[in-house]
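J.: here is my input; please provide its structure:
(one chain, ligands or ions: 1)
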Amino acid sequence: MLARLTRALRAPLLTLGTLTVLVHPAPLRAQATSTAFTDVTVLPMDGDRQLTGQTVVVEGGRITAMGPSASVRVPVGATRIDGRGKFLMPGLAEMHAHVPPGNPTQQQLADIMFLYVANGITTIRGMLGAPYQIQLKEQLASGAMLGPRFFAAAPSLNGTSAPNPAAAVALVRQAKLTGYDLVKIHPGVSRETWDAAVAEMQAQGLTYAGHVPMGVGVVHAMRTGIATIDHVDGYLEASVRDSAVYASGGQLGDVIDAIDPSRFAALARMSRDHGVWNVPTMYLWENFYNDRTAEELAALPEMAYVSPQQVNGWMNQKRGRALADENQRMTPERRARYLALRREMLKALADAGAPLLMGTDSPQMFNVPGYALHRELAVARAAGLTPYQILESGTRNVGRYVRESLKQDGDFGTVAVGQWADLVLLEADPRADLEHLTKRAGVMVRGRWVSASEIAAGLERIRATHAASRQGS
Ligand SMILES: [Zn+2]
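T.: Just a heads-up that it's a prediction; the model follows:
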């Protein structure tokens, strides 16, 4: 009782005129019920270890007790979930999501959010801001819409939206006023504009993250406090042996030939030393540059969960790559080399102990929300990262990033008393094989249990909707 009261007092107060309303941080339904996972193996993700034979109690959206089953009392009336033979770990995070801009319908948004939950993803960071997303954040936080917790970046600061320092400063002020959690950076920003934007973002207490503009460069971006470097391009560009390659047009094919991977380790150490996070988004580039055809990619099972129009758009994009590759002087050898260099850079970051987060850029080309993250993990594994490094980048690191960088409630990403109950229950140990992350017995979002059967039913509804529109078209 006392714990619940303290929690209530910690909840943010919203003052409306003279009326003070307690904003519930979790759905009321979750507050009213308690759940206990019994006899489960816990992967707490506070280190590479497991705790067997545990009972984990969830009340009011948070973990309130955890310990050997013999010593933890399950509250009267709690829903019991049999954890025998199963593994309980923190939910994963998609830290480079593009929640659609424009005016998506509530149903479209609900479907996307459901795809995340269905895939064990309990946190997303939106990197394509739109004003409606402020309301969406609230809908998700209150439980009015089932979905992950949502941190939203502002609409992108780039060469077009911020052609000069004054425009950049105005954009940053607007981002703060609207209530976004961070600023998203895209290419095209000059160094002068960058420096002005950085001064304003720091004054406003906003962090900045994303694609490193060429005119700024990854070294200057790190020195001036970029929070996350998304995609590894900035590192590759900084590893070019001879910048004369840019003078002759800077075609990607030529740039690739000029990349010197012996520079990767020093850049990776710089990321670690500056505490700069990395969101590698490997899988998208694999789809851009691998040898798979549009038809092969469109045949992947997860394509059933997005609209046929979206899949057709992706197929056209993939077919269009041939021409783009020709213009960029990309040969099959250079494409393969490019993907290998990206993997090598990711491995260098992991080896240096540079902080990593998980993200995919979904729903860009063939990146189905939720499913793409699991494809991303497979690429990270192929790049030589250990399962633990990969799991950590999607769990514990996310809580740390939110706490230390965004300066917000990051009480998640590990399984421990006091943490939000953002959890995944698996049928098998993901450390033995990351594929096991897809063998879900259920997902818990801030205390709300979403069972395997509820997940299956929700997925089937989404699949059927798209199948019907496929028939109709
Ligand atoms: Zn993006």
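J.: CA only for contacts and neighbour counts going forward, please
T.: Noted.
J.: shouldn't V57 be within a helix?
T.: No - with DSSP: H, G, I helix; E, B strand; the rest coil as the criterion, V57 is strand rather than part of a helix.
J.: identify the residues contacting it.
T.: With contacts defined as C-alpha atoms under 8 Å, 6 or more residues apart in numbering, V57 is in contact with 34-37, 63-66, 74.
J.: list the beta-bridge partners for it.
T.: A36, A65 (DSSP bridges).
J.: repeat for L425
T.: L88, G442.
J.: can I assume it is in contact with H436?
T.: No - assessed by C-alpha atoms under 8 Å, L425 is found out of contact with H436, at 10.5 Å.
J.: okay, the two: which has more neighbours?
T.: L425 (27 against 15; other C-alpha atoms under 10 Å).
J.: sorry, back to before: determine which two of the contacts of V57 are furthest apart.
T.: S34 and M66 (13.4 Å; C-alpha to C-alpha).
J.: let me know whether my guess that R343 is in a strand holds.
T.: No - looking at R343 with three-state DSSP, it is helix, so not inside a strand.
J.: how close does the spatially closest residue to it that is not a sequence neighbour get to M330?
T.: Distances taken as C-alpha to C-alpha, 6 or more residues apart in numbering put A383 closest to R343, at 4.9 Å, once the chain neighbours are dropped. A383 sits 22 Å away from M330, going by C-alpha to C-alpha, to the nearest Å.
J.: next: R292.
T.: For R292 relative to M330 (C-alpha to C-alpha), the value is 16 Å.
J.: with V417 instead?
T.: For V417 relative to M330 (C-alpha to C-alpha), the value is 52 Å.
J.: of those two, who's got more company?
T.: Shown here are V417 and M330; by other C-alpha under 10 Å, M330 has more neighbours (22 against 16).
J.: ok, for that one, nearest residue in space, not its chain neighbours?
T.: G253 is the one closest to M330 (C-alpha to C-alpha, 6+ apart), at 4.7 Å.
J.: next one, pLDDT for the one you found please.
T.: In this model, G253 is scored at 94, pLDDT.
J.: for the helix or strand harbouring it, which positions count as buried?
T.: Element membership of G253 [criterion: DSSP states H and E] is helix 252-258. For helix 252-258, the neighbour count (16 or more other C-alpha atoms under 10 Å) marks 252-256, 258 as buried.
J.: buried stuff in the next helix or strand after it?
T.: Next helix or strand after helix 252-258 toward the C-terminus (DSSP H and E): helix 264-274. Across helix 264-274, burial judged by 16+ other C-alpha under 10 Å covers 264-265, 267-272, 274.
J.: closest one of the residues you listed to M345?
T.: Using C-alpha to C-alpha, F264 comes nearest to M345 of the buried residues of helix 264-274, at 6.0 Å.
J.: how close does the closest one get to M444?
T.: 39 Å.
J.: likewise F114?
T.: 12 Å.
J.: same question for I134.
T.: On the measure of C-alpha to C-alpha, I134 and M444 end up 23 Å apart.
J.: these two: which has the busier surroundings?
T.: M444 (24 against 19).
J.: just the CA atoms of the helix or strand containing the more buried one, as PDB, please.
T.: If you go by DSSP H and E, M444 is part of strand 440-445. Extracted C-alpha coordinates of strand 440-445, given in PDB (Å, rounded to 0.1, in the frame of the first residue of the first chain):
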ATOM      1  CA  ARG A 440       6.800 -15.500 -27.600                       C
ATOM      2  CA  ALA A 441       4.400 -16.800 -25.000                       C
ATOM      3  CA  GLY A 442       3.300 -13.200 -24.400                       C
ATOM      4  CA  VAL A 443       4.300  -9.600 -24.000                       C
ATOM      5  CA  MET A 444       3.700  -7.200 -21.200                       C
ATOM      6  CA  VAL A 445       3.400  -3.500 -21.700                       C
END
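J.: beyond it, next helix or strand please.
T.: Immediately after strand 440-445, counting by DSSP H and E, sits strand 448-451.
J.: how far off centre is whichever helix or strand comes after that following strand?
T.: Elements were assigned by DSSP H and E; along the chain past strand 448-451, the next helix or strand is helix 452-472. Offset of helix 452-472 from its chain centre (C-alpha atoms, centre = their mean, to the nearest Å): 24 Å.
J.: could you give me the buried positions within stretch 273-286?
T.: Applying 16+ other C-alpha under 10 Å to stretch 273-286 flags 274-286 as buried.
J.: domains of this protein: list them as residue ranges, please.
T.: 2-89+415-461, 92-404 (automatic domain parsing).
J.: what about the longest one, how long is it end to end?
T.: Domain 92-404 stretches 18 Å from its first residue to its last (C-alpha to C-alpha).
J.: chain center to that domain: distance?
T.: 9 Å.
J.: in this protein, where is pLDDT below threshold?
T.: Applying pLDDT under 70 to the chain picks out residues 1-32, 472-473.
J.: go again using 90 as the cut-off
T.: For the chain, residues meeting the criterion pLDDT under 90 lie at 1-33, 101-103, 242-250, 322, 469-473.
J.: stretch 227-247: end-to-end distance?
T.: Start-to-end, stretch 227-247 (C-alpha to C-alpha) is 30 Å.
J.: got the buried residues for that stretch?
T.: So stretch 227-247, judged by 16+ other C-alpha under 10 Å, has buried residues 227-240, 245.
J.: for those residues, which one is nearest V169?
T.: Using C-alpha to C-alpha, A227 is the member of the buried residues of stretch 227-247 that lies nearest V169, at 18.2 Å.
J.: do you know how far the closest one is from G410?
T.: 16 Å.
J.: and what of W277?
T.: Distance from W277 to G410, by C-alpha to C-alpha: 15 Å.
J.: what are the buried residues along stretch 36-49?
T.: Buried, per 16+ other C-alpha under 10 Å, within stretch 36-49: 36-45.
J.: and stretch 68-87, by the same measure?
T.: 69, 72, 74, 79, 81, 83, 86-87.
J.: where along the stretch 51-200 of the chain do the helices fall?
T.: In the stretch 51-200 of the chain, the segments counted as helices under DSSP state H, counting those that start in this stretch are 106-118, 132-142, 165-178, 191-204.
J.: can you tell me which of these is packed in deepest?
T.: Comparing the helices of the stretch 51-200 of the chain by mean neighbour count (mean count of other C-alpha atoms under 10 Å), helix 106-118 ranks first with a mean of 20.
J.: surely N367 is in contact with T360?
T.: Yes - here N367 reaches T360: they are 7.3 Å apart, a contact under C-alpha under 8 Å.
J.: quick one: T38 and R80 touch, right?
T.: Yes - with contact defined as C-alpha under 8 Å, T38 counts as touching R80 (6.9 Å).
J.: touching both of those two, which residues are there?
T.: With C-alpha under 8 Å, 6+ apart, T38 and R80 have no common neighbours.
J.: tell me the contacts of A348?
T.: A348 sits next to 264-265, 268 when contact means C-alpha under 8 Å, 6+ apart.
J.: how near is it to R335?
T.: Counting by C-alpha to C-alpha - A348 and R335 are separated by 20 Å.
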